[in-house]
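[1] Provide a 3D model corresponding to the input given below.
(one chain, ligands or ions: 3)
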Amino acid sequence: MKALHGKALLDDPAQNKSTAFTREERMRYGLQGLLPYSVADIKNQQQRVLGNLRGKRSDIEKYIFLNSLLERNQRLFYRTLIDYIEEIMPLVYTPTVGEACSEFAHIFRKPQGLYITPEDRGRVASLLANWPETDVRIIVVTDGERILGLGDLGANGMGIPIGKIALYVACAGIHPAHCMPVMLDVGTNNQELRNDPLYLGYPHARLAGQDYLSLVDEFVQAVRHKFPDALIQFEDFSSEHAFVLLDRYHKQVRCFNDDIQGTAAVTLAGVHASCRITHKQFADLKIMLLGTGSAATGIARLMLSAFQTAGLSEAVARARIAFVDREGLVVTARAKHKAHIQPFIQEQAPASFLEAIERLQPDVLIGATGAAGAFSEAVIHQMAQYQERPVIIALSNPTSHTECTAEQACRWSDGRAVFASGSPFPAVTMGEKIFHPAQGNNAYIFPGIGLGMLACRATLVTERMFLAAAEVLAAMVSPEEIERGAIYPTLPRVREVSQAIAIAVCHVAQQEGLATANLPDDLEAYVRTLMYEPDY
Ligand SMILES: NC(=O)C1=CN([C@@H]2O[C@H](COP(=O)(O)OP(=O)(O)OC[C@H]3O[C@@H](n4cnc5c(N)ncnc54)[C@H](OP(=O)(O)O)[C@@H]3O)[C@@H](O)[C@H]2O)C=CC1
Ligand SMILES: CC(=O)C(=O)O
Ligand SMILES: [Mg+2]
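    Ligands and ions are numbered 1, 2, ... in the order given. As a prediction, this is how the structure comes out:
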């Protein structure tokens, strides 16, 4: 790290300690007179941060305040995020990040991350060379086309890679210097944004076809050359591009798609854990998915592997997984189907969503639609009619797009639903009982996958790593959490979860012959040494 002095030191977020510089440091670094008298410690500074934060009237103001803290004092930001994760994660990630993306061009203060546009074709490598860090290990890249359930937000979608990187640091202890958020700003088809005079992105229709693919290719090749140890996480692409890009790169490049694979692992883990509440066998479950996009398809694919691992034949496993779309149950009799769900199309008569629940009586209902209210009262009633403890997982983000709220799932099932949602909900009280919803978000998975990849330097990311991550996460739900009806560990345990997932990733990488690092026997201690603990 470059040695800085005086005002330059106070202006560098990675090195700034502000009022926590000791008297001796103030003398050594030419800071005398530049700071008020009192010498604080990080805990004392945190109290001021929390006081200011809690005094803000709206979540978006809190987001802006936290972002400016990150720009001033990285260590204080991350220490506070880690120590108060239940309070602060919803402000830097879903749901507030959804609002921040929608408002991105209007609340913009200072650039963060790397922007690549069609005008950079042929010189993407030189843009990467402008990045101030040399040892990038984690890249989160989006093209802004499917931002949470909010659709095409163009370059405003940069809030998502920035938020995911904050979680890599807070939830898995990846050092901020190893992380790079990237916006592949290929344009936007959101005319409202293009008409906005404050819009900051490339104000043209999205690149498509070969023009699009060749720019992504150039980016991926430039990353391989400039940052050969980096893992690329594809985030919030349209499902059309998400599958094409994953197919194109996953056997050549250290990469994964978080919406397809990370979401699948967190959902599988929740389904496994739910069996400890419902007292059912995983191999006996029937799963129904609403939505046929990236998340739902990823879940179906991983669930299929998990069922087979649990001893089911491929045919039986497939029959246990049903898709429902806007027209109802996805069946062979229908004329058109999306290619990526072809293997899961049921040989059945057509049925509406409600009829499909009645006919198939699924144990688990999962929503990945971005469609607010898609789990209506009738849907939850129908689930509760056939299952004593229906498992309802409403994955869609942000909160305004959830398929149903925790309160709705609870009330409409007479308090019997086992519920998890992509964005957090507070506890629900019903009579004497308190209902504790869990947060089913890929934030429990991708940070650990990244930490594991950083530790073992595997050349590829594989399905077995996500299966292992799901097993680890499910096993970490404590008896007390299960007793409370929660199917995920509480958020303050997320670093512990990420460490355990990282170890599992290392084991899989070794077994699959993909690890290139020399790993010690004591992986637990080794992984811990890699985890950044922000402090002075
Ligand atoms: N909790 C978590 O960790 C994660 C949550 N998500 C959330 O899941 C949602 C979907 O993400 P993703 O799969 O990537 O998005 P996609 O755009 O790939 O897929 C969305 C799917 O939902 C379908 N759909 C939309 N409205 C309805 C409706 N009313 N009834 C039935 N189907 C509907 C779409 O159908 P059609 O093709 O007909 O439009 C499409 O198949 C988002 O809100 C996202 O935030 C995603 C990843 C992780
Ligand atoms: C959580 C996430 O990745 C999403 O909603 O897209
Ligand atoms: Mg996503």
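[2] Where does this protein get nearest to ligand 2, residue-wise?
    Nearest residue of the chain to ligand 2: residue 397, at 3.8 Å (CB to the nearest ligand atom). Every C-beta, even on glycine, is put in place using the N, C-alpha and C of the backbone.
[3] Run a quick neighbour tally on that residue.
    Residue 397 is flanked by 23 other residues according to other CB atoms under 10 Å.
[4] so it touches residue 422, yeah?
    Yes - Residue 397 is in contact with residue 422 according to CB atoms under 8 Å; the separation is 4.3 Å.
[5] if I look at the two, which residues touch both of them?
    94, 441 (CB atoms under 8 Å, 6 or more residues apart in numbering).
[6] Can you report phi and psi for the residue lying closest to residue 161 once chain neighbours are set aside?
    Distances taken as CB to CB, 6 or more residues apart in numbering put residue 181 closest to residue 161, at 3.4 Å, once the chain neighbours are dropped. Backbone torsions of residue 181, given as degrees, to the nearest 10, read phi -80, psi 140.
[7] and the gap between residue 181 and residue 236?
    Per CB to CB, to the nearest Å, residue 181 is found 12 Å from residue 236.
[8] same question, residue 215
    Residue 215 sits 17 Å away from residue 236, going by CB to CB.
[9] who's more crowded, those two?
    residue 236 (25 against 21).
[10] Okay, helices next: where are they in the stretch 351-500 of the chain?
    Secondary structure of the stretch 351-500 of the chain (DSSP state H, counting those that start in this stretch): helices at 353-360, 377-386, 406-412, 446-456, 463-475, 479-483, 494-511.
[11] and the third one, what's its mean pLDDT?
    So that's helix 406-412. Over the span of helix 406-412, the pLDDT mean works out to 97.
[12] now do the longest one
    In this model, helix 494-511 carries a mean pLDDT of 98.
[13] How about the backbone phi and psi for residue 199?
    phi -60, psi 140.
[14] So it is in contact with residue 105, correct?
    Yes - the criterion here is CB under 8 Å, and residue 199 meets it with residue 105 at 5.0 Å.
[15] which residues do these two both contact?
    Contact criterion CB under 8 Å, 6+ apart; residues shared by residue 199 and residue 105: 155-156, 193.
[16] Could you tell me which residues make contact with the closest residue to residue 167 other than its chain neighbours?
    With sequence-adjacent residues excluded and distances taken as CB to CB, 6+ apart, residue 167 is closest to residue 443, at 5.2 Å. Residues in contact with residue 443, defined by CB under 8 Å, 6+ apart, are 89, 93, 167, 171, 266, 494.
[17] Got the confidence number for the second one?
    Confidence per residue is given as pLDDT, and for residue 93 that number is 98.
[18] Chain neighbours aside, what residue packs nearest to it?
    With sequence-adjacent residues excluded and distances taken as CB to CB, 6+ apart, residue 93 is closest to residue 163, at 4.7 Å.
[19] Could you tell me how many residues sit around the one you found?
    Applying other CB under 10 Å, I find that residue 163 has 25 neighbouring residues.
[20] Ok, residue 142 next?
    Here the number of neighbours of residue 142 (other CB under 10 Å) works out to 29.
[21] That one and ligand 1, how far apart?
    Residue 142 sits 11 Å away from ligand 1, taking CB to the nearest ligand atom, to the nearest Å as the criterion.
[22] my read: that residue touches residue 161, true?
    Yes - in this structure residue 142 lies within contact range of residue 161 using CB under 8 Å: 5.5 Å.
[23] So in this protein, where's the weakest helix or strand by average pLDDT?
    Between all helices and strands in the chain, the lowest mean by mean pLDDT, DSSP states H and E belongs to strand 433-435, at a mean of 90.
[24] Buried residues of that one, list them for me.
    When burial is assessed from 16 or more other CB atoms under 10 Å, strand 433-435 yields the following buried residues: residue 435.
[25] Who are the packing partners of it?
    If you count contacts as 3 or more CB pairs under 8 Å, 6 or more residues apart in numbering; DSSP states H and E, strand 433-435 packs onto strand 428-430.
[26] Okay, now the sheet partners of the strand it packs on, with direction.
    strand 433-435 (antiparallel) (DSSP bridges).
[27] who touches residue 240 in this structure?
    With contacts defined as CB under 8 Å, 6+ apart, residue 240 has no neighbours.
[28] closest point of the stretch 51-200 of the chain to ligand 1, which residue?
    Closest to ligand 1 within the stretch 51-200 of the chain is residue 149: 2.9 Å, counting by CB to the nearest ligand atom.
[29] let me fix that: the stretch 301-450 of the chain
    For the stretch 301-450 of the chain, the residue closest to ligand 1 is residue 422, as judged by CB to the nearest ligand atom, at 2.8 Å.
[30] and that residue, what pLDDT?
    Taken from the predicted model, the pLDDT recorded for residue 422 is 98.
[31] I figured it hits residue 403, correct?
    No - if you go by CB under 8 Å, residue 422 and residue 403 don't touch, sitting 9.3 Å apart.
[32] got any residues that touch both of these two?
    394-396.
[33] Drop anything exposed from these.
    The buried subset of the shared contacts of residue 422 and residue 403 - by 16+ other CB under 10 Å - is 394-396.
[34] Just the ones of those residues in strands?
    Filtering those for membership in strands, criterion DSSP state E, returns residue 394.
[35] is it possible to export the buried ones among the shared contacts of residue 422 and residue 403 to CSV including distance to residue 67 and pLDDT?
    What follows is those, written out as CSV (distance: CB to CB, whole Å; pLDDT from 0 to 100):
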residue, distance to residue 67, pLDDT
394, 28, 98
395, 26, 98
396, 25, 98
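[36] Please tell me how far the residue nearest to residue 167 sits from ligand 3.
    Distance from residue 443 to ligand 3, counting by CB to the ion, to the nearest Å: 10 Å.
[37] cool, residue 213 as well?
    Residue 213 is 21 Å from ligand 3, where distance means CB to the ion.
[38] any idea which element that residue lies in?
    Element membership of residue 213 [criterion: DSSP states H and E] is helix 209-226.
[39] What of residue 335?
    Take DSSP H and E as the rule and residue 335 turns out to sit in neither a helix nor a strand.
[40] Same question for residue 140.
    In the assignment (DSSP H and E), residue 140 maps to strand 138-142.
[41] Help me see whether that strand makes contact with ligand 3, please.
    No - applying CB under 5 Å from the ion, one finds strand 138-142 separated from ligand 3 by no less than 8.1 Å.
[42] Show me the strands paired with that strand, marking each as parallel or antiparallel.
    Strand 138-142 has the following sheet partners, assigned by DSSP bridges: strand 179-184 (parallel), strand 231-234 (parallel).
[43] how about those strands, which one is nearest residue 417?
    Ranking the strands paired with strand 138-142 by distance to residue 417, with CB to CB as the measure, places strand 231-234 first at 31.6 Å.
[44] Leaving out sequence neighbours, find the closest residue to residue 175.
    Closest residue to residue 175 apart from its sequence neighbours, by CB to CB, 6+ apart: residue 532 at 4.4 Å.
[45] so what pLDDT did that neighbour get?
    At residue 532, pLDDT is 98.
[46] For it, the count of nearby residues, please.
    When counting by other CB under 10 Å, one arrives at 18 neighbours for residue 532.
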